[in-house]
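Visitor: Could you look at this predicted model? Sequence included:
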There are 2 protein chains.
Amino acid sequence: MAEVRKRVAVLGAGPVGRATAAYLAHYDHDAGIWSPSGRGTAPLMARAGGLGKGVIEYRGALEGRVEVDVLRSPDALAAYEVIVVAFPGHAYDRVLPLVLPRIESRHIVIVSGALSLVPLWLYEQAGNGTARPLVASWGTTLATARRSERADVEIGSVRARFDVAAIPAAAADAALACCQGLFGDRFDLAPSILATAISSVNPVAHAAEALPNLTRMERGEDWYLFECMTPAAARLAEAIDAERLEIAQALGLKVRSLATHYQLSYHVPLATVAEMAAAIHARDRAPLGPRTAEHRYVLEDMPYGLVFYEMLARTAGIAVPVMSAAITLACAAYGRDFRRENRLIDLLRLEGLGPAGLLARCAG
Amino acid sequence: MAEVRKRVAVLGAGPVGRATAAYLAHYDHDAGIWSPSGRGTAPLMARAGGLGKGVIEYRGALEGRVEVDVLRSPDALAAYEVIVVAFPGHAYDRVLPLVLPRIESRHIVIVSGALSLVPLWLYEQAGNGTARPLVASWGTTLATARRSERADVEIGSVRARFDVAAIPAAAADAALACCQGLFGDRFDLAPSILATAISSVNPVAHAAEALPNLTRMERGEDWYLFECMTPAAARLAEAIDAERLEIAQALGLKVRSLATHYQLSYHVPLATVAEMAAAIHARDRAPLGPRTAEHRYVLEDMPYGLVFYEMLARTAGIAVPVMSAAITLACAAYGRDFRRENRLIDLLRLEGLGPAGLLARCAG
């Protein structure tokens, strides 16, 4: 039972959005869910009795069946206190313009797995630039989640601890209290939304998972994600991760390593990435890796993850050769220029800000 | 029956060395074969009657069983007119110092699939620098060949046409005549051994085959090489190949594209690399890709192929971002610095020569 019951709208009805809404309703909050296209909520509504209601069945680390409200449009946000943004990065510039005009100063907005400093855009453009909500930035998502045949969402694991930061930074304690009240004691307060932006390890892990397994994805094969995080793939992950940590250090920030994230997300002892991946696979024999090359592991995490990190490296004046190589190789293999696909870098005019200017702007 | 029977020593008793020696003996030349370690010739000798003899059984594009002489040491080269170097690039700096003192000015040396301008080293260091043999440089190997369970070597295909060049360049006609006499009408004379050095497509194709299939190799899986040259892998190959063609152009040389090589090596119609790979796979359902990450596709072709091309790009003053990305990613995945493993670049003091200086030196 929630100590303080809140009305929370989750934007995005993919696996992470469903898991987040399910978690909230499971712990007795009034959860709403919105699918920008309507496709994500249609099956939930089909199973519910009442108009505007949906049912989420969830299995795995958390199991149950809850009823949630289904938002018909962003106008419905007026009825909510907290908004959780839970759709992938490559939908930001398409979906957020529909939402931004409806965000008010009284709202607390939580960005789940915030990539590319999108909390900064939300903060600066809320209410078309007239509102100043409190925006909380999460370094990753609440849970690992995926589509499932036996339920609406399969929750792989609920992360034990991850970073949260806020803009304006002065209101960080209020953001932390809100997150803890809704999701429990699993948050570490980071000094800046920039730290949480760099703390996402998904782009690192996903690049090292996708590139050496790219033909498996493209051919639609069944392959186990952590079984195929072989020693070579794991060394690649560690090399890219070392560059991510260097960027953070150059900006005066401290973030967790990929290995520590694995420890906290998958609850395995700290070791090399190869050893931890082997331990996760030996225990879970799951999850399967992407079965299409057109997958967010590349389409989201290249432009909104590694390309953003590469831009931060330029800001910090350091080279990130392995990260840059991974981007360049993905561009060649996909025949796309992922470096031009991150619209937020342009929209936020992040390029050219020095480290101090960037940090100041991220403080709100 | 050979028009002019010659005594030809093949150095290297791996698949390509065996295929080359078998081809020569098949067409009635006196072929010898030398395995630096002795491991490659031991099974051939076990099957032969006489001391110092070996038998090669070959299947595939050429089939038969021939007797060859087995060289006990490079001293035996004194009895041969032509020497064919047919071992992989990453053995050059270990094996060639044993051979160089035994090469005389009267020798014609043919380097099969010459990587990293090794013909230049052979020419300059033969007889410890006192001899001046005629060295012919092949842009690729005579045949595609691999280890086989049903014979000593499986010959996938004998290439229809490929480039040859000579050092000294003034003696190119003699080199061409020798190659044609031994191996038939399948050679196009290139203007410089530098052109043949750039004409090798193996480093390009193998990078695009290895990197997106790396975990298959590492896990020892069975996978079809051309089936897994998927559209994404093929786009990667084409992007790297375009950079190779740019290097050649910047040095004033013209070399064939990877697609044209596929046409001439695998006898399929010219199309995109993805389409040609699909056509080869549909017809052959072979060969299998490497079943270990410790394979010459990476260990030879990164340092002695792409790293050499990258050095040429520096010489030509152009950037080769996709090639460089492939090298950097392979270094990270293997935990090795392939850029420091090409000893010939140092031994030949190639770094820092301008395009004109390089071309002049390659003319002999």
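Guide: It's in.

Visitor: Now do the contacts for A:R147.
Guide: By C-beta atoms under 8 Å, 6 or more residues apart in numbering or on different chains, the contact list for A:R147 reads A:P15, A:V153, A:E154. (C-beta placed from N, C-alpha, C; glycine too.)

Visitor: how about 6 Å then?
Guide: By C-beta atoms under 6 Å, 6 or more residues apart in numbering or on different chains, the contact set of A:R147 is A:P15.

Visitor: Look up how far chain B lies from it.
Guide: 23 Å (C-beta to the nearest C-beta, to the nearest Å).

Visitor: Also A:T140?
Guide: 23 Å.

Visitor: now swap in A:H26 and tell me
Guide: Using C-beta to the nearest C-beta, A:H26 is found at 37 Å from chain B.

Visitor: do the same with A:I198
Guide: For A:I198 relative to chain B (C-beta to the nearest C-beta), the value is 20 Å.

Visitor: secondary structure element for that residue?
Guide: helix A:193-199 (DSSP states H and E).

Visitor: Now do that helix: everything it contacts.
Guide: A:L117, A:P119, A:S137, A:G139, A:D163, A:A165, A:I167, A:A190, A:A248, A:L253, A:V255, A:C362.

Visitor: any idea which of these is closest to chain B?
Guide: Comparing the contacts of helix A:193-199 against chain B with C-beta to the nearest C-beta places A:A248 closest, at 19.1 Å.

Visitor: and that closest one, what does it touch?
Guide: Counted by C-beta under 6 Å, 6+ apart, A:A248 has contacts A:I198, A:V255.

Visitor: So which bits of the host helix or strand of it are buried?
Guide: For A:A248, the element it lies in under DSSP H and E is helix A:231-250. Residues of helix A:231-250 classed as buried: A:231-248 (neighbour count, 16 or more other C-beta atoms under 10 Å in any protein chain shown).

Visitor: Let me know the angle separating the helix or strand where A:T315 lies from helix A:231-250.
Guide: Assigned by DSSP H and E, A:T315 belongs to helix A:307-316. Angle, helix A:307-316 to helix A:231-250, by axes from the mean of the first three to the mean of the last three C-alpha atoms, to 10 degrees: 40 degrees.

Visitor: What helices and strands are in contact with helix A:307-316?
Guide: helix A:231-250, helix A:355-363 (3 or more C-beta pairs under 6 Å, 6 or more residues apart in numbering or on different chains; DSSP states H and E).

Visitor: Next SSE downstream of the longest one?
Guide: Secondary structure here is assigned by DSSP H and E; on that basis, the next helix or strand after helix A:231-250 toward the C-terminus is helix A:258-266.

Visitor: Mind exporting the C-alpha coordinates of the helix or strand following that next one to CSV?
Guide: Toward the C-terminus, helix A:258-266 is succeeded by helix A:273-284 as the next helix or strand (DSSP H and E). The C-alpha trace of helix A:273-284 is given here as CSV (Å, rounded to 0.1, in the frame of the first residue of the first chain):
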residue,chain,number,x,y,z
VAL,A,273,32.0,-8.0,-17.8
ALA,A,274,32.6,-11.4,-19.4
GLU,A,275,32.4,-13.2,-16.1
MET,A,276,29.3,-11.3,-15.0
ALA,A,277,27.6,-11.9,-18.4
ALA,A,278,28.4,-15.6,-18.1
ALA,A,279,27.0,-15.7,-14.5
ILE,A,280,23.8,-14.0,-15.6
HIS,A,281,23.4,-16.4,-18.5
ALA,A,282,24.1,-19.5,-16.4
ARG,A,283,21.5,-18.4,-13.9
ASP,A,284,18.8,-17.0,-16.2
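
Visitor: Which elements pack onto helix A:273-284?
Guide: helix A:231-250, helix A:258-266.

Visitor: can you put those in a markdown table and add distance to B:H267?
Guide: Output for the helices and strands packed on helix A:273-284, formatted as a markdown table (distance: least, C-beta to C-beta, whole Å):
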| stretch | distance to B:H267 |
| --- | --- |
| helix A:231-250 | 34 |
| helix A:258-266 | 47 |
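
Visitor: Domain boundaries for chain A, per the record?
Guide: A:7-198, A:201-358 (automatic domain parsing).

Visitor: before we move on, back to that, could I get the buried residue list for the helix holding A:T315?
Guide: A:V307, A:F308, A:Y309, A:E310, A:M311, A:L312, A:A313, A:T315, A:A316.

Visitor: near chain B, which residues of chain A?
Guide: Chain A comes close to chain B at residues A:212-215, A:218, A:228, A:230, A:232-233, A:235-236, A:239, A:293, A:321-322, A:325, A:328-329, A:332-333, A:335, as judged by C-beta under 6 Å from any C-beta of the partner chain.

Visitor: Residue ranges in chain A under the pLDDT threshold?
Guide: Under the criterion pLDDT under 70, the flagged ranges of chain A are A:1-2.

Visitor: Spatially central residue for it, please.
Guide: A:G113 (2.0 Å; C-alpha atoms, centre = their mean).

Visitor: centre of the chain versus whichever strand or helix holds A:D173, how much separation?
Guide: Using DSSP H and E, A:D173 sits within helix A:172-183. Distance of helix A:172-183 from the chain centroid (C-alpha atoms, centre = their mean, to the nearest Å) equals 18 Å.

Visitor: Check stretch A:13-32 too.
Guide: 15 Å.

Visitor: Now it - C-alpha only, CSV.
Guide: Taking C-alpha atoms only, stretch A:13-32 is exported to CSV below (Å, rounded to 0.1, in the frame of the first residue of the first chain):
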residue,chain,number,x,y,z
ALA,A,13,3.3,1.8,-23.5
GLY,A,14,6.2,-0.3,-24.7
PRO,A,15,7.7,-2.9,-22.3
VAL,A,16,9.3,-0.3,-20.0
GLY,A,17,6.2,1.9,-19.9
ARG,A,18,4.0,-1.1,-19.1
ALA,A,19,6.4,-2.3,-16.4
THR,A,20,6.6,1.1,-14.9
ALA,A,21,2.8,1.6,-14.9
ALA,A,22,2.3,-2.0,-13.5
TYR,A,23,4.8,-1.3,-10.7
LEU,A,24,3.0,1.9,-9.7
ALA,A,25,-0.5,0.2,-9.8
HIS,A,26,0.9,-2.9,-8.0
TYR,A,27,1.9,-0.6,-5.1
ASP,A,28,-1.6,1.1,-5.2
HIS,A,29,-0.9,4.3,-7.0
ASP,A,30,-3.4,5.6,-9.6
ALA,A,31,-1.5,4.8,-12.7
GLY,A,32,-2.4,6.1,-16.1
